[in-house]
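1. I would like the atomic coordinates for the input below:
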Amino acid sequence: MEAGKKAAIGATLLMVVAVGVRVGLIYRERHAAAAPVERTSTWTVSDDDMVFLKKTRPSSLKDVKDLGGKPLWVSAGGQLDYYRYDGHRVDYAHGAGLILGADRLDIKDAVEAVAPKSATFRIPGGDRQVLFVFTRPGSTEEYAVPIGFREKGQYTFYVDEVFFYQDPHTLYSKWPAETWKAIDEHRAILGMNERQAMLALGQVSKSGSQDYGNRTVDYDHQGKPVSMTFEKDRAVFIR
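-> Model (predicted):
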């Protein structure tokens, strides 16, 4: 009888120990899974990141009209269609192309127009779309490119996001002449960093990695795809 009691007590203790061990393992597993994962970043601040980019934060039609008579340079290349502007009318029916990175636009005026749905892919139409009227260096041909919209009396502009207010050739004067030549010709070369490649090929791009400067990026490049692989923020492969 006494032996039976001892056996029962022993079995109970073993069960308690086993359950305790199992609970401990579960606790450890759950908390290990919940613990923050330490990630190391390969990104470092470069001279390019220290370049001051002017912003004007326009909020009225007058603000953007005040940019008339001044040059602007495209920073968000390959995204916005521009149109012929003739007889004080935006010819939305006939796109003239895309504004491209680092291209200079000589701003003449800012106008409002009712945009068809086909012209509101990047910049909303609102009640009226707002466009810069511009010419290119050495030409008197006028064009218009959307830069914002008006809706219910309120204006929204994307000028700061789309343009440089200063010549990027001056802002990034440390870039090699060969690199600037490729950017101005909108082509990729080995040794470019991601910022330079984006200015040359446009902002319409995609990548399967968030590791800036150490990844492969596919650029739409006006419908002529270019893939660039970067290591330590230098292009090592282009196809």
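2. quick one, phi/psi of Ile123?
-> In terms of degrees, to the nearest 10, the main-chain angles of Ile123 are phi -110, psi 120.
3. try Ala197
-> The phi and psi values for Ala197, taken as degrees, to the nearest 10, are phi -60, psi -40.
4. that one and Ser227: what is the separation?
-> Counting by C-beta to C-beta, to the nearest Å, the separation of Ala197 from Ser227 is 11 Å. Backbone N, C-alpha and C define where each C-beta goes, glycine included.
5. what's the answer for Val64, then?
-> 37 Å.
6. neighbour count: these two, which is higher?
-> Set Val64 next to Ser227 and count neighbours by other C-beta atoms under 10 Å: Val64 wins out with 23 against 15.
7. that one belongs to a helix?
-> Yes: the assignment for Val64 by DSSP: H, G, I helix; E, B strand; the rest coil puts it in a helix.
8. who touches both of Ala197 and Ser227?
-> Residues within reach of Ala197 and of Ser227 at once, by C-beta atoms under 8 Å, 6 or more residues apart in numbering, are 217, 219.
9. mean confidence for stretch 185-199?
-> Average pLDDT, stretch 185-199: 97.
10. do stretch 97-117 as well
-> When pLDDT is averaged over stretch 97-117, the result is 98.
11. so how many other residues sit close to the closest residue to Arg89 other than its chain neighbours?
-> Spatial nearest neighbour of Arg89, excluding adjacent residues (C-beta to C-beta, 6 or more residues apart in numbering): Ala113 at 7.8 Å. A total of 19 residues lie near Ala113 under the criterion other C-beta under 10 Å.
12. how close does Ala113 get to Arg122?
-> To Arg122, Ala113 is 15 Å away according to C-beta to C-beta.
13. can you pull out the strands in this structure?
-> Assigned by DSSP state E, the chain shows strands spanning 71-74, 81-86, 89-98, 104-113, 128-135, 143-151, 154-157, 163-164, 205-207, 216-219, 226-231, 234-238.
14. out of those strands, nearest to Asp184?
-> Of all the strands of the chain, strand 104-113 sits nearest to Asp184, with 10.1 Å by C-beta to C-beta.
15. got the contact list for Thr170?
-> With contact set as C-beta under 8 Å, 6+ apart, Thr170 has no partners.
16. mind checking pLDDT for it?
-> You'll see Thr170 listed with a pLDDT of 97.
17. go on, Val45?
-> If you check Val45, the pLDDT there is 77.
18. for Gln222, see how far away the spatially most central residue of the chain is.
-> Geometric centre of the chain, nearest residue: Gln203, 5.8 Å, by C-alpha atoms, centre = their mean. From Gln203 across to Gln222, the span is 12 Å (C-beta to C-beta).
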